[in-house]
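Trainee: Next input, structure requested:
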Amino acid sequence: MPNIDLLEPTVLRGVVEKLTTPETLPLSSALPKTPYPFPTVTWDVIKGSRQIARPNVPNSEAHIVPRLGVSQESASFVYVREKKVFEPPTLHWLRAPGSVENTQNAENAVLREVNDLNQRVDNFVEWSCWQALTGTLTFNYPDVQATVDYKIPNSHKPTVGETWATATPPKIVADVRAWTRLISKDARVPATDAWLTGVTMDRIFNSFAANGAANALAGQLLSDRMKDQYYSTGTLPGFLGLDWHVVESFYDTTNGVATSYVADDALFLTNLKSGRAMEIMEGPTADDEAPANFTGKFSKTWKEKDPSARQCLIEYNFLPVITRPEQLVYVADVAPG
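Mentor: Next up is the predicted model:
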């Protein structure tokens, strides 16, 4: 059987296309992705309506109903382009007949590096999506400085009156219910999900455990069965009418520091399921070797003759967009002080 060169363009492209966003990146893996073959993204910001119809006189002209409130926002795509270099020893064992073990080791080395290149892009997309949910996506690099404002109303970025570090269950319940009512009132749809870290969830559990004997509400709202499900699955469905998702995903900074995508003591309440409230727009590839109007991840390889090497590149142009900003609430810190 002839050796398959993993660094041949068609083979590499097939490998990259089969790599999916892992479930350990919970936000970007759940969002819909939309091709957008233009250099600048323009999207509608939609304000819903729950007005009721009114009756007509028989055989009269229909009432004209105003269109939904829509404004437009625009921004440039986030442009990601990274590559890796494979030197002659790896290339030799990929092509030369001989030791099956050496060939397999070389193939594994290439696959690891290609997967790492792809993972770096996926990690950056996930980080960008969480930043967008805070209301602004900001890049401050030596060669790239930009900010996208998602027009989340200030009322949907509340602060707590009493820290959850010492709050009783009724206070926590009152906060959450006030924020879910805010989404229902302004967005005309109910909140469905809560996103937080294990540190924040522990604050809720600790409050309910410390006050359970004195407060019947605690035991009614957070049963032992629900706790058991959380500890076994990492999710808490149905608590206060929401599905609670504990985000324990991390990325490494340039200094090698493991950092959570969601800050400890931050809380997001959302309904991202109704009306495609948030999605990832995929822009056109800028590389002139890409097919016409290509969107999504693009990969290619090429040979360098001196010094001899093969380079592997992945490019991805994307932008998270929020079309219904009133369908979320972002609390930066539930335990200030």
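Trainee: Skip ahead from the helix ranked longest in the chain and say which helix or strand is next.
Mentor: If you go by DSSP state H, the chain has its longest helix at helix 100-133. Once the chain leaves helix 100-133, the next helix or strand it forms, by DSSP states H and E, is strand 136-140.
Trainee: Give me the angle between that next one and helix 100-133.
Mentor: 120 degrees (axes from the mean of the first three to the mean of the last three Cα atoms, to 10 degrees).
Trainee: Give me the residue ranges of the stretch 1-150 of the chain where confidence is low.
Mentor: The model of the stretch 1-150 of the chain has pLDDT under 70 over residues 1-23, 48-50, 66, 68-69, 89-106.
Trainee: again, 80 this time
Mentor: Applying pLDDT under 80 to the stretch 1-150 of the chain flags the ranges 1-23, 46-52, 54, 57, 63-70, 87-111.
Trainee: And the helices in this structure?
Mentor: According to DSSP H, the helices that the chain contains are 9-18, 88-95, 100-133, 169-187, 198-211, 216-221, 224-233.
Trainee: Serialize those to TSV and add fields for distance to residue 260 and mean neighbour count.
Mentor: (C-beta placed from N, C-alpha, C; glycine too.) As requested, these are arranged in TSV below (distance: least, Cβ to Cβ, whole Å; neighbours: other Cβ atoms under 10 Å):
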stretch	distance to residue 260	mean neighbour count
helix 9-18	27	14
helix 88-95	34	16
helix 100-133	9	17
helix 169-187	21	18
helix 198-211	9	18
helix 216-221	26	14
helix 224-233	18	12
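Trainee: To residue 45, which of those lies closest?
Mentor: Closest of the helices of the chain to residue 45 is helix 169-187, at 11.9 Å (criterion: Cβ to Cβ).
Trainee: Can you list the neighbours in contact with the closest one?
Mentor: Residues outside helix 169-187 that contact it (Cβ atoms under 8 Å, 6 or more residues apart in numbering) are 48, 153, 155-156, 158, 160, 162, 164, 167, 189-191, 194, 204, 207-208, 211-212, 215, 217-218, 221-222, 240-242, 269, 271, 324, 326-329, 331, 334.
Trainee: 7 Å - rerun?
Mentor: Outside helix 169-187, the residues that touch it by Cβ atoms under 7 Å, 6 or more residues apart in numbering are 48, 155-156, 158, 160, 162, 164, 190-191, 204, 207-208, 211, 215, 217-218, 221, 240-242, 269, 271, 324, 326-327, 329.
Trainee: Domain-wise, how is this structure divided?
Mentor: By the assignment in automatic domain parsing, the chain contains the domains 9-46+71-149+279-319, 154-273+326-331.
Trainee: I'd like these laid out as CSV, including distance to residue 53.
Mentor: Compiled in CSV, the domains of the chain are given as follows (distance: least, Cβ to Cβ, whole Å):
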stretch, distance to residue 53
domain 9-46+71-149+279-319, 20
domain 154-273+326-331, 15
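Trainee: Residue 60 is nearest to which of those domains?
Mentor: domain 154-273+326-331 (28.3 Å).
Trainee: Check which helices and strands the lengthiest strand in the chain is in contact with.
Mentor: The single longest strand within the chain, with elements called by DSSP state E, is strand 308-322. Applying 3 or more Cβ pairs under 7 Å, 6 or more residues apart in numbering; DSSP states H and E, one finds that strand 308-322 contacts strand 40-47, strand 78-86, helix 100-133, strand 278-282, strand 298-305.
Trainee: wait, doesn't residue 63 sit right on residue 57?
Mentor: No. At 10.6 Å, residue 63 does not count as touching residue 57 under the criterion of Cβ atoms under 7 Å.
Trainee: Quick one: residues contacting residue 285.
Mentor: 294, 298, 315, 317.
Trainee: Look at it and report its pLDDT.
Mentor: On pLDDT, residue 285 comes in at 91.
Trainee: So, low pLDDT: which residues of the stretch 151-300 of the chain?
Mentor: Ranges of the stretch 151-300 of the chain meeting pLDDT under 80: 209-225, 227.
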